[in-house]
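# kindly generate the corresponding structure for this input.
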Amino acid sequence: MNKLGIFWWIFALRGGLALLFALVLYCGASLIGSIFFDPVLLIVLSLLLGSYVLGNSILLGIAGGFALERQHPFGWLLLVECVFTACLAAYIGHSLFVTAHSLALLAGLHALVTGIFQASLAIRLRQNPHCLYALGLCAAISLCVGAAFLNHHTEALAPVAKYLSLYELTYGIVLIILASFLRQQRPQPLTHERTTTAL
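Okay, here's the model as predicted:
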């Protein structure tokens, strides 16, 4: 836990990014069908989704490289998730046009894989009940939401976008709570120990 506490800022940034994405996505979903520029709005949603996934990939890559440099056991897990999110972002950027069908499939795939990585991290942190419960709950929600998106991929675009924004809102809140707890578990500076020894 002390070693993982070094990366609290990664979880905080990912949580803040998820909250921002949820807010913008919900506002964009409320405009679908109410204006005459739905094709333009669909491209904007594609860019928004791709930017969000790419931002997650960059943060995961930074955390993974930093973890491997410090020989942290979670480094490879972070890098594997980084590679997946990068591939997903590349696919979204290549298609550059989101429909209700593709948004539901992408959201379902994103939620399922995110849930798998959250469950893996929860298992690795099972000795700490706070992290186990937070990540376990988030993993269960992600897996259920992912299965629901894949099973209801024929829904209209507006409800799919709103449900996705609610999921990202929950995901962001859990990550920020986890980051706050990890920040308290981070190692203390060496200067404090030297000062105490000197006294």
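
# C-alpha from now on. contacts and neighbour counts both.
Fine.

# output the lowest mean pLDDT helix or strand found in the chain.
Lowest by mean pLDDT, DSSP states H and E among the helices and strands of the chain is helix 190-198, with a mean of 49.

# give me the distance between F117 and V24.
From F117 over to V24 the distance is 25 Å, taken as Cα to Cα, to the nearest Å.

# among these two, which residue is more densely surrounded?
Under the criterion of other Cα atoms under 10 Å, the comparison of F117 against V24 puts F117 first, with 18 against 13.

# show me what contacts A122?
131-133, 135-136 (Cα atoms under 8 Å, 6 or more residues apart in numbering).

# which of those are buried?
131-132, 135-136 (16 or more other Cα atoms under 10 Å).

# can you tell me which of the residues you listed is nearest I92?
Checking the buried ones among the contacts of A122 against I92 by Cα to Cα gives L135 as the nearest, at 26.9 Å.

# quick one, longest helix in the protein?
If you go by DSSP state H, the chain has its longest helix at helix 38-69.

# which strands or helices does it pack on?
Other elements packing on helix 38-69 under the criterion 3 or more Cα pairs under 8 Å, 6 or more residues apart in numbering; DSSP states H and E are helix 8-31, helix 75-95.

# from the chain's centroid, how far away is it?
Mean-position distance between helix 38-69 and its chain equals 9 Å (Cα atoms, centre = their mean, to the nearest Å).
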